[in-house]
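Asker: need a structure here:
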Amino acid sequence: MARVLLVDDDPAIREVLGVYLRQEGCEVLEATNGLEALQLLPQADVVILDLMLPQLTGWQVAQELRRDYPDLPLLMLTARGEEAERIQGLELGADDYVTKPFSPREVVARVRALLRRSGFKQELVFGDLILRPRQREALFKGQALNLSKLEFDLLLTLAQHPGLVWSRERLLERVWGSDFPGVDRVVDVHVAGLRKKLGEDAENPLYIETVRGVGYRFRGE
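Answerer: Numbers count the residues shown, from 1 in each chain. Down below sits the predicted model:
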């Protein structure tokens, strides 16, 4: 299940797009202003961003997004006929744009295309390990792994970005949420639980590798 961050201060737009995106099988995170958007960025797989926002503008959010999450797909909503806005949005790193008023079906189609291009897949296969995000299933050597919600989200987050080093702080934001009052140690505990269920040796892991002094990365292609 892809997590779409929908950033718009118009409740009608959020409602309509939310309905279509959920019908597509997406989980929808909503933000009504730029500050809320920045708090939810770590949890998103793709972002739909309106440019005219209170507190922080869409331009400011896009700049922060590209600085901290360079690979996060971004779809901008712009005013019809404003060529300068579209050009500036693309220069800031937007992957695509839609002009208002728009067709919700077109927005959903463009979100699907962005997810495909970003490598978001219906099924991830790494040797004996298979992850099915939509079904929230994890299979290892043909057997279902009995994972908690947090264990699955943690494993999926790592597996969706093989080779990328995740700090414990960023994993906390992504998996537990930016308002989680926990400490880095909770990440280590859940990684240890995953390794145990995968039968891994922490010193010679097949999938979850410790990057000393930083965090973790997923091994596999």
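Asker: Could you report the separation of the spatially closest residue to G142 that is not a sequence neighbour from L147?
Answerer: Sequence neighbours aside, D128 is the residue nearest to G142 in space, at 7.9 Å (criterion: C-beta to C-beta, 6 or more residues apart in numbering). In short, each C-beta sits where N, CA and C put it, glycine included. Computed as C-beta to C-beta, to the nearest Å, the D128 to L147 distance reads 15 Å.
Asker: Please identify which of those two sits among more neighbours.
Answerer: When neighbours are counted by other C-beta atoms under 10 Å, L147 comes out ahead of the other of D128 and L147, with 21 against 14.
Asker: my guess is that one meets F140, correct?
Answerer: No - between L147 and F140 there is no contact under C-beta atoms under 8 Å: 10.0 Å.
Asker: Overlap in contacts, the two.
Answerer: Residues touching both L147 and F140 by C-beta atoms under 8 Å, 6 or more residues apart in numbering: K197.
Asker: which phi and psi does L172 have?
Answerer: The phi/psi pair for L172 (degrees, to the nearest 10) reads phi -60, psi -40.
Asker: How about the contacts made by C26?
Answerer: With C-beta under 8 Å, 6+ apart, C26 has these contacts: M1, A2, R3, V4, V111.
Asker: which other residues reach the helix or strand of the chain with the lowest mean pLDDT?
Answerer: Least confident helix or strand, the chain: helix 83-91 with a mean of 75, by mean pLDDT, DSSP states H and E. By C-beta under 8 Å, 6+ apart, the residues outside helix 83-91 that reach it are L51, W59, A62, M76, T78, A79, Y97, T99.
Asker: Look up how far G193 lies from the most centrally placed residue in the chain.
Answerer: The centroid of the chain falls nearest to D45 when counting by C-alpha atoms, centre = their mean (2.4 Å). To G193, D45 is 24 Å away according to C-beta to C-beta.
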